[in-house]
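Trainee: Next one to model:
(chains A and B)
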Amino acid sequence: MRAFLDMGGYWPYVWPSYAVTLAVMALNIIWARRLLARSRREALRRLAIGGTQK
Amino acid sequence: MAWTWFHRLASPPHIYRVAGRLTPWLAWPAALCIVAGLIGGLVLAPADYQQGDGYRIMYVHAPSAWMSLFAYTTLAVAAGIGLIWRMKVAHAVAAASAPVGASFTFAALVTGSLWGKPMWGTYWQWDPRLTSELILLFLYLGYMGLRSAFDDVQRADRVSAVLAVVGVVNVPIIHYSVVWWNSLHQAPSVMYLGKPTMPPSMLVPLLIMFVGFTLFFGAVLLVRLRGEVLSRERSASWIREAVQP
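Mentor: Residues are numbered from 1 along each chain as shown, chains lettered A, B, ... in the order given. Below is the predicted model of the structure:
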């Protein structure tokens, strides 16, 4: 386990690389869901104020 | 007659529904591939005879770099289709693609720099490959910045599409930079002349990661696309149908 975490001495480069990439993926999921939720909210508001065409 | 599928494809309610139904079919295989690729790349693949365990950065660096180019190509093609056929949905695809591509370009640059330090002795070098990839990040940021400068989505779509199409010239430059110029960066070793230069134990996890990242891009793109389609839609009847519980 120690040897695995040490990555042959390259741990200061290997682990931050994985951390950055996985963080980018997590953020992509969060941002995408947030965009969809916001668009739905705004669409509902447009419906409520009647700012849409039939 | 032959064009009905094209019009159906371009119809926002259809896209909204299909994208929603398709998302889990991309997201779960993506998760599976990425977990398998991580285990394969970090645990199962042997250490490199020159770079030791340091080369394992490749399993996140190369797929991120691939995503940066794939997302930009998607963006530019969609923007071009949007310009030529005035298709709202195509513009929505382009807009949805940009933030995803930009974030993976960032990941490719950071992981590349973290790989460069122990192997080349420097985090950064104004090298053709590195510089052209940095320009790609600026293209993405320029595209998104330009979009946000317009209140009207339709105008943002048209103006930003021109930038996206012009910028696509950078994609082959990035890809061939290591062949055309002397570069610190290695030449492609996966697809080079159809014969990979890696043993299968190293190559298979990498290929699984490529598939996983591409599926991940597809899933995120579909979620964003639904948001983009919805924000362009003004027809009450289907919004009511799509949004209301």
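
Trainee: what does chain A have sitting close to chain B?
Mentor: A:4, A:7-10, A:13-14, A:16-18, A:20-22, A:24-25, A:27-29, A:31-33, A:35-36, A:38-40, A:42-44, A:46-47, A:52-54 (Cβ under 8 Å from any Cβ of the partner chain). Glycine gets a C-beta too; all of them are placed from N, C-alpha and C.

Trainee: How about residue B:11: what's its closest non-neighbour residue?
Mentor: What sits nearest to residue B:11 in space, not counting adjacent residues and going by Cβ to Cβ, 6 or more residues apart in numbering or on different chains, is residue B:89, at 7.9 Å.

Trainee: List buried residues within the residues of chain A next to chain B.
Mentor: Among the residues of chain A next to chain B, those buried by neighbour count (16 or more other Cβ atoms under 10 Å in any protein chain shown) are A:7-8, A:10, A:13-14, A:17-18, A:20-21, A:24-25, A:28, A:31-32, A:35-36, A:39-40, A:43, A:46, A:52.

Trainee: Pull out the buried residues from the host helix or strand of residue B:213.
Mentor: If you go by DSSP states H and E, residue B:213 is part of helix B:200-232. Using 16+ other Cβ under 10 Å as the test for burial, helix B:200-232 gives B:202-232.

Trainee: and these near chain A, which?
Mentor: Of the buried residues of helix B:200-232, the ones that also sit near chain A (Cβ under 8 Å from any Cβ) are B:216, B:220, B:223, B:224, B:226, B:227, B:228, B:230, B:231.

Trainee: Report the separation between the fourth one and residue B:25.
Mentor: It refers to residue B:224. 17 Å (Cβ to Cβ, to the nearest Å).

Trainee: all helices of chain A, in order?
Mentor: Secondary structure of chain A (DSSP state H): helices at A:2-6, A:11-48.

Trainee: who's in contact with the shortest one?
Mentor: Going back to what we said before, that points to helix A:2-6. With contact meaning Cβ atoms under 8 Å, 6 or more residues apart in numbering or on different chains, helix A:2-6 is reached by A:11, B:42, B:43.

Trainee: centroid residue for chain B?
Mentor: Chain B has residue B:71 as the residue nearest its centroid, 2.7 Å off, counting by Cα atoms, centre = their mean.

Trainee: now chain A
Mentor: Centroid check for chain A by Cα atoms, centre = their mean gives residue A:27 as the closest residue, at 2.0 Å.

Trainee: Apart from its chain neighbours, what residue comes closest to that residue?
Mentor: Leaving out its chain neighbours, the residue that sits closest to residue A:27 by Cβ to Cβ, 6+ apart is residue B:103, at 6.6 Å.

Trainee: any idea which element that neighbour lies in?
Mentor: helix B:88-120.

Trainee: which other helices and strands contact that helix?
Mentor: When contacts are defined as 3 or more Cβ pairs under 8 Å, 6 or more residues apart in numbering or on different chains; DSSP states H and E, helix B:88-120 sits against helix A:11-48, helix B:4-10, helix B:12-39, helix B:58-85, helix B:128-148, helix B:153-167, helix B:200-232.

Trainee: And the ones you listed: which comes nearest residue B:182?
Mentor: In terms of Cβ to Cβ, the element of the helices and strands packed on helix B:88-120 nearest to residue B:182 is helix B:128-148, at 8.0 Å.

Trainee: The residue nearest to the centre of chain A is in contact with residue B:102, isn't it?
Mentor: No - at 11.2 Å, residue A:27 and residue B:102 do not qualify as touching, with contact defined as Cβ atoms under 8 Å.

Trainee: tell me the contacts of the nearest residue to residue B:214 once chain neighbours are set aside?
Mentor: In this structure, residue B:214 finds its nearest non-sequential neighbour in residue B:70, 6.7 Å apart by Cβ to Cβ, 6+ apart. Contacts for residue B:70 (Cβ under 8 Å, 6+ apart) come out as B:101, B:214, B:217.

Trainee: Output those as JSON lines; include the columns pLDDT.
Mentor: What follows is the contacts of residue B:70, written out as JSON lines (pLDDT from 0 to 100):
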{"residue": "B:101", "pLDDT": "97"}
{"residue": "B:214", "pLDDT": "97"}
{"residue": "B:217", "pLDDT": "98"}
